[in-house]
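Novice: predicted model, plus sequence, below.
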Amino acid sequence: MEMLMTCISMGNPHAVFFCDDVEAVELERIGPLIENHNLFPNRINAHFVQVQSPSEFTMRTWERGSGLTLACGTGACACQVAAAITGRCGRRATAHLPAVT
């Protein structure tokens, strides 16, 4: 599987992957592979983002050292920056994070 990423630093490292359906991503399986990939000797946070519109996206996060997480403030900022610089969203957007079930 080929995956393109946008890497962003918010003072900590983030890899952002845009996809069609964030719920279909096997984050528990793929998150540790990205976090510990040899490209990232200090590990990295991995985010999968589904863009709904130029002002709205949904994200899921695998946080380095913590695993699957429901919220990541610097991650939401990194996803917004990645969406803006790749032309997927404007400079302001609403980030939807997973709901607690």
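Specialist: Right, received. Where do you want to start?
Novice: got the buried residues for the helix or strand containing residue 60?
Specialist: Secondary structure assignment for residue 60, by DSSP states H and E: strand 56-63. The neighbour-count check on strand 56-63 (16 or more other C-beta atoms under 10 Å) flags 57-63 as buried. Just so you know, the C-beta spots here come from the backbone N, C-alpha and C atoms, and that holds for glycine as well.
Novice: show me where this structure has strands.
Specialist: 6-9, 13-18, 45-53, 56-63, 67-69, 94-96 (DSSP state E).
Novice: note down every partner strand of the fifth one and its orientation.
Specialist: Applying DSSP bridges, strand 67-69 is found paired with strand 56-63 (antiparallel).
Novice: just the third one next, same as before
Specialist: Strand pairing for strand 45-53, determined by DSSP bridges: strand 13-18 (parallel), strand 56-63 (antiparallel).
Novice: number of residues surrounding residue 53?
Specialist: Neighbours of residue 53 under the rule other C-beta atoms under 10 Å: 11.
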